[in-house]
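Engineer: Below are the sequence and a predicted model for it; my questions follow.
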Amino acid sequence: MEVAAYQPYIDPDYDSLIERIYPARVCIDNETCRDCTLVKVDSANKHGILLEMVQVLTDLDLVISKSYISSDGGWFMDVFHVTDQLGNKLTDKSLILYIQQALCATRRGGLSKEIQGSSQRKHFGPRHVSSEHTVLEMTGTDRPGLLSEMSAVLAELACHIATVVAWTHHTRAACIFYVEDGVKGGPITDPERLAQIEEQLENVVEAHHAEGERRSVRLMAPVVGRMHTERRLHQLMFADKDYEQCSCCRSSSCGGGGTRGRYKHRNGCERAHVLIESWKDKGYSVVNVQSRDRPKLLFDTVCVLTDMQYVVFHASVSSEGSLANQEYFIRHRDGCTLDSETEKRKLAQCLLAAVERRASHGLRLEVSTQNRPGLLSDVTRVFRENGLSITRAEVGIHGERAIGSFYVTEASGNDVNLSTVELVKKEIGGSVSIVNMSSGVSTPQGPLSAGLISRSGDEKPRLSLRSLIWSQLERFSSNFGPIRL
C-alpha cells in the first residue's frame with residue numbers, strides 16, 4: 001500500500017499577505033528634478049516585477065533617461081527618470097493616474113475596476129497585448145518576400161490581419177500575426193480550419209528551408225492573459241537560437257572581464273559590448289552592457305535577463321550622449337552566480353542579440369491608408385515586386401485606417417534608391433512618408449519609440465554602481481511619498 005506524502009495546507013491568500021500588509025507605493029515626483037519626472041516605486045519583491053514596470057512605461061512611449069534599482073531583502077525600490085517624447089515632464093493628470101494604477105497592478109495582478117472601464121485605460125493601455133484574436137507565430141530563415149507570401153495566404157483563406165509585428169536578426173526572422181475571421185468577424189476557433197490554415201502557412205515557410213533547418217509555425221485560439229507581443233518576439237528568437245551568430249568585436253572578449261572593450265567603445269566602436277565579472281565578496285555577477293542608445297533598450301535587455309531566469313538585485317542605467325550604459329548585479333534564480341565561461345558567453349551573446357534585434361537597418365517608411373481586406377498582402381507585394389526586403393515591420397488598425405511602419409532595404413541588403421521609393425508610394429496609395437534612413441540604430445521618432453534615450457548631448461563621467469548605488473537609493477527612497485490618487 002502506498003503511503004501518501006504529507007502536504008501541509010497553505011492558505012491561497014498567503015501569497016498576497018505581504019502585499020496586503022505592505023501595499024505597493026508609487027510616487028510621481030515633478031519637484032526634485034528640473035528637467036524630468038521621477039517615478040518612484042516601493043513594493044514587495046517578486047520575480048519579473050522589474051520587467052513588468054519597465055513594460056508599463058515603455059508601452060506609454062515614455063523616455064527613460066536614468067534608472068536606479070534595488071531589490072535585495074525581499075523588497076523592491078526603483079527610481080525612473082522619465083520624460084515624454086518631446087523631453088517634457090509628465091503633467092497630464094490622467095496619464096499620471098494611469099501610471100500609478102498600472103504600476104500598482106503589477107503587484108495585484110490587474111488594474112482596478114475603475115481604471116479598466118475608464119477612458120484612461122482605452123487611451124493609455126498597452127498596445128502590444130491581445131486576447132481577442134487568433135494568434136499566428138512564425139520563426140524561420142529570413143528571405144525576401146516571406147512576409148508578403150504569408151499575408152497573401154492569409155488573405156486567400158479569408159483571414160483578416162488586425163496586427164502584425166515582424167523582426168529579423170542576422171539570417172533569422174520571427175513574426176506574430178493577430179488575425180480574425182474575414183467573413184464572420186471575431187477570432188477563428190474551429191480546430192479544423194485552424195489546422196488547414198497552419199498547414200498552408202507551413203508549406204510557405206518550408207518551401208525555402210533546407211532539410212533539418214529550424215522553423216516553426218503555430219496558430220492558436222485566443223486565451224486570457226496573452227503575453228506582451230514584443231516580449232514574446234524576444235522569446236521566439238531566443239528559442240530559434242538567433243544569438244548563436246552574435247559576437248563582440250575583436251577589441252574585447254565577449255562576456256569576459258577587463259576594461260579594454262569599454263575604452264575601445266568610447267573611441268568610435270559602434271558595436272555593443274557586454275562584460276561579465278564576478279563580485280565574490282557580495283555573491284553577485286556584474287553585467288555591464290554598453291551600446292548605442294536607442295528606443296526600448298532597457299525593456300529589451302531586462303526581457304532577456306528575466307526570461308533566462310536571472311534575478312536583478314541592483315542596477316544602474318544611464319545614457320551619455322549617444323551611448324547607453326547598463327550595469328546589473330545578478331544571480332540565477334536558484335541563487336547561483338555565473339561561474340563558468342560557457343554561462344557567461346551565452347548570456348553575453350543573448351544580451352547582444354537583444355540589443356541588435358530592434359536596431360534594424362534600412363529606410364523607415366510610415367504607411368497610412370484606408371483599411372480593407374488583403375491590404376497587407378498588397379502592400380508587401382509592392383515591396384517585393386520593386387526588389388525591396390522588409391527587415392522590421394509593425395502594422396495595426398486604428399479605426400477605419402491601417403497604419404504601419406516598415407524598415408526596408410534592397411534585396412541585396414544595400415540602401416534603397418529613393419526613385420524606387422517614389423514608385424512604391426504611387427502603387428501603395430494613401431499616405432507614405434520617409435521617416436529616416438537607418439544604419440542599424442533606431443531613432444526616437446513616431447509611435448515605435450520609447451525607452452532609454454539621452455536627453456542631451458552632455459557627456460558626463462560614468463560612475464560605477466559599486467560606489468553609488470547604496471547612497472543613491474538611500475537618498476531617493478527617503479523621498480518616497482504616499483500614492484496620490
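Structural biologist: Done, it's in.
Engineer: any low-confidence regions in the chain?
Structural biologist: Where the chain drops to pLDDT under 70, the residues are 1-23, 106-131, 224-226, 248-269, 360, 436-485.
Engineer: tell me the phi and psi of the residue lying closest to Arg215 once chain neighbours are set aside?
Structural biologist: Nearest non-adjacent residue to Arg215, counting by Cβ to Cβ, 6 or more residues apart in numbering: Gly140, 3.8 Å away. (Glycine included, C-beta is placed from N, CA and C.) Main-chain torsions, Gly140, degrees, to the nearest 10: phi 180, psi -170.
Engineer: what about Gly140, how many neighbours?
Structural biologist: Other residues near Gly140 number 22, with proximity taken as other Cβ atoms under 10 Å.
Engineer: Test of understanding: give the bridge partners of it.
Structural biologist: In this entry, Gly140 is beta-bridged to Ala173, by DSSP bridges.
Engineer: check contacts around it.
Structural biologist: By Cβ atoms under 8 Å, 6 or more residues apart in numbering, the contact list for Gly140 reads Leu146, Arg172, Ala173, Val205, His209, Glu213, Arg214, Arg215, Ser216, Val217, Asp240.
Engineer: The same query, at a cut-off of 7 Å, please.
Structural biologist: Counting by Cβ atoms under 7 Å, 6 or more residues apart in numbering, Gly140 touches Ala173, Val205, His209, Arg215.
Engineer: One more: Arg172?
Structural biologist: With Cβ under 7 Å, 6+ apart, Arg172 has these contacts: Thr139, Thr141, Asp142, Met237, Asp240, Asp242.
Engineer: circling back to that earlier point, so of the contacts of Gly140, which two are at opposite extremes in space?
Structural biologist: With Cβ to Cβ as the measure, no two of the contacts of Gly140 lie farther apart than Ala173 and His209, at 11.5 Å.
Engineer: Which one's more surrounded, those two?
Structural biologist: Higher neighbour count among Ala173 and His209: Ala173, with 26 against 13, using other Cβ under 10 Å.
Engineer: if I look at the more buried one, how far off is Ala411?
Structural biologist: The gap separating Ala173 from Ala411 is 14 Å, by Cβ to Cβ, to the nearest Å.
Engineer: Also Ala353?
Structural biologist: Between Ala353 and Ala411 the distance is 24 Å, computed by Cβ to Cβ.
Engineer: Which of the three states applies to Leu86?
Structural biologist: coil (DSSP: H, G, I helix; E, B strand; the rest coil).
Engineer: For burial, what's the neighbour tally of it?
Structural biologist: Using other Cβ under 10 Å, the number of residues around Leu86 comes to 6.
Engineer: for Thr391, same thing?
Structural biologist: By other Cβ under 10 Å, the residues close to Thr391 number 22.
Engineer: can you pull the buried residues of the helix or strand where it lies?
Structural biologist: Thr391 belongs to strand 388-398 when assigned by DSSP states H and E. Neighbour-count burial for strand 388-398 flags Leu388, Ser389, Ile390, Thr391, Arg392, Ala393, Glu394, Val395, Gly396, Ile397 (criterion: 16 or more other Cβ atoms under 10 Å).
Engineer: CA atoms only for it - export them in PDB, please.
Structural biologist: Extracted C-alpha coordinates of strand 388-398, given in PDB (Å, rounded to 0.1, in the frame of the first residue of the first chain):
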ATOM      1  CA  LEU A 388      12.700  45.600 -51.500                       C
ATOM      2  CA  SER A 389      13.200  43.400 -48.500                       C
ATOM      3  CA  ILE A 390      11.500  44.100 -45.100                       C
ATOM      4  CA  THR A 391      13.800  44.000 -42.100                       C
ATOM      5  CA  ARG A 392      11.200  45.000 -39.500                       C
ATOM      6  CA  ALA A 393       7.500  45.800 -39.600                       C
ATOM      7  CA  GLU A 394       4.700  46.800 -37.300                       C
ATOM      8  CA  VAL A 395       1.200  47.200 -38.700                       C
ATOM      9  CA  GLY A 396      -2.100  47.800 -36.800                       C
ATOM     10  CA  ILE A 397      -5.700  49.000 -37.400                       C
ATOM     11  CA  HIS A 398      -6.800  52.400 -36.000                       C
END
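Engineer: Indicate each strand paired with whatever helix or strand comes next after it and its parallel or antiparallel sense.
Structural biologist: Proceeding N to C from strand 388-398, the next assigned helix or strand is strand 401-410, under DSSP H and E. On the basis of DSSP bridges, the sheet neighbours of strand 401-410 come out as strand 361-370 (antiparallel), strand 388-398 (antiparallel).
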